[in-house]
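Quick one: sequence and predicted model below, then my questions.
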Amino acid sequence: MLIFRCEQVRSEYEDKSAYRKSPDQTLTGREVHYLGKNGELFGASLASQGVIRGGAVVCAPLMRFHNTSAYTQGACYELNSDLTLGGTYTTCLQKNLPKLERHNEYGACMEGFSAAMSGNVMVTGLIGAMKWTGGVYARKAEGGIFGTTIEKYTMAPEEGGVRTMLAAHDYLGYSVDVGRFGFWYENGEKATIVSGATRFGQHGAVVFLPFTKERGDLLTFTEDRFVLNGTKMGSAFGYAIEVVDLNNDGFDDLIVGAPFEHRADSDGHFGGIVYVYFSQGVERRKGESSKVFHSPVILRAPGFFSQFGLSITKL
């Protein structure tokens, strides 16, 4: 018999006075709304590196700043393995994106509606950006004394951004993840950010965003603008996604949930569909993004209102 003992990290309040203390009214040097941090939905999304002594990210998508306009910018907190704070991210504020038109620009980004970590890459979803067109922020920290940090986000001002194809209320950033599937630009350092846009085209889509050093801060589509589209109106294709190498071939595969897609046939009524996209296990050439994945394996669950695919995780 084997018994494993996990190291416990103390995270409780040190004493009663610390418990009763009012929350800090500033964050990243900015004034927090006068109601403090109540209602920020701290912990609404949470992800870890999944390794021994790895880090984690926890987010509060309804975090509000200022007292004149309580718009929900959201915030994400990077934690070290001992639960000490490694960094705080409020991208739409820190990058000084325009907010004069409030939610019609970047005044209610809701950063941290989703979050993911893979190796030294952290990704957050900002579904409220630009009238709920949505957005994605990605950060990669290189280790070592000469290490550098790469930050990219879909809201960067360069031409050719995601708004060339996405529109208001498409909800980019509803789900996020990181993988290496076989796109031409991927290698040991370069990866692909994956994000669900659940209302794109009224059926939902999964968008692929190359995470490379090119194009400055801009995180945008592949050169051939490759996306995976849902097929049924209102299905919320991309509501949940998970990246995992299912067949152990060295290439990541993609699982996509469409929890509001309904089907009926001679076998009965099914509510919610999960699509499994296996990588073809080949490094494709530039312009061959459509050849990266096989046709999906379709999983379904009985029960018209089962919402199968609402959440997905790897074990």
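Ah, there it is.

Mind checking which residue lies nearest the centre of the protein?
Geometric centre of the chain, nearest residue: residue 176, 2.6 Å, by Cα atoms, centre = their mean.

quick one: that one and residue 114 touch, right?
Yes. Counting by Cβ atoms under 8 Å, residue 176 touches residue 114, with 4.8 Å between them. C-betas here are computed from N, CA, C, even on glycine.

Give the residues shared as contacts by those two.
Residues touching both residue 176 and residue 114 (Cβ atoms under 8 Å, 6 or more residues apart in numbering) are 124, 125, 195.

most neighbours, which of these?
Comparing the shared contacts of residue 176 and residue 114 by number of neighbours (other Cβ atoms under 10 Å), residue 125 comes first, having 33 neighbours.

How about that one, nearest residue that isn't a chain neighbour?
Once flanking residues are discounted, residue 125 sits nearest to residue 173: 2.9 Å by Cβ to Cβ, 6 or more residues apart in numbering.

What separation do you get for that neighbour and residue 284?
26 Å (Cβ to Cβ, to the nearest Å).

Pick out whichever of the two has more residues nearby.
Just comparing residue 173 and residue 284: by other Cβ under 10 Å the higher neighbour count belongs to residue 173, 33 against 18.

C-terminal to the one helix or strand that one maps to, what's the next element?
Taking DSSP states H and E as the definition, residue 173 sits inside strand 172-179. Later in the chain than strand 172-179, the nearest helix or strand by DSSP H and E is strand 191-197.

can you list contacts of that following strand?
Contacts of strand 191-197 (Cβ under 8 Å, 6+ apart): 114, 118, 121, 123, 125, 134, 136, 138, 166, 170-181, 183, 186, 204-211, 219, 237-241, 243, 254, 256.

now do stretch 303-313
239-242, 255-260, 262, 269-274, 299-301.

Taking those residues, please make a ChimeraX selection of just the buried ones.
Buried residues within the contacts of stretch 303-313, by 16 or more other Cβ atoms under 10 Å, are selected in ChimeraX with:
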select :239,240,241,242,255,256,257,258,259,260,262,270,271,272,273,274,300
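
beta partners of residue 176?
Per DSSP bridges, the residues bridged to residue 176 are residue 195.

what sits against it?
114, 115, 116, 123, 124, 125, 136, 193, 194, 195, 196, 241.

again, only this time at 7 Å
114, 115, 116, 123, 124, 125, 136, 193, 194, 195 (Cβ atoms under 7 Å, 6 or more residues apart in numbering).

Please determine how far it is located from residue 125.
5 Å.

Common neighbours of these two, please.
With Cβ under 7 Å, 6+ apart as the test, residue 176 and residue 125 both reach 114, 136, 195.

The first one: what secondary structure?
Reduced to three states with DSSP: H, G, I helix; E, B strand; the rest coil, the structure at residue 114 is strand.

Nearest spatial neighbour of it, chain-adjacent residues omitted?
Per Cβ to Cβ, 6+ apart, closest to residue 114 is residue 125, 3.6 Å.

Show me what that neighbour is bridged to.
Assigned bridge partners for residue 125, using DSSP bridges, are residue 114, residue 136.

Contact partners for it?
113, 114, 136, 173, 174, 175, 176, 195.

Name the nearest of those relative to residue 160.
residue 136 (15.2 Å; Cβ to Cβ).

So that closest one is in contact with residue 154, correct?
Yes. Counting by Cβ atoms under 7 Å, residue 136 does reach residue 154; the two are 5.0 Å apart.

Buried residues, the strand holding residue 173. List them.
Quick answer for strand 172-179 (16+ other Cβ under 10 Å): 172, 173, 174, 175, 176, 177, 178, 179.

what's the answer for stretch 183-197, then?
183, 184, 185, 186, 190, 191, 192, 193, 194, 195, 196, 197.

of the residues you listed, the lowest pLDDT goes to which?
Sorting the buried residues of stretch 183-197 by pLDDT puts residue 190 at the bottom of the list (88).

ok, so what distance separates that residue from residue 126?
For residue 190 relative to residue 126 (Cβ to Cβ), the value is 23 Å.

One more: residue 160?
From residue 160 to residue 126 the distance is 19 Å (Cβ to Cβ).

what does the model give residue 87 for pLDDT?
Reported pLDDT for residue 87: 90.

quick one: it from residue 124, how far?
12 Å.

cool, residue 77 as well?
11 Å.

and what of residue 56?
For residue 56, the distance to residue 124 - Cβ to Cβ - is 13 Å.

quick one, strands of the stretch 101-250 of the chain?
Assigned by DSSP state E, counting those that start in this stretch, the strands in the stretch 101-250 of the chain fall at 111-118, 121-126, 136-141, 149-153, 172-179, 191-197, 205-211, 227-229, 240-244.

Looking at the ones you listed, spot the one closest to residue 43.
strand 111-118 (9.8 Å).
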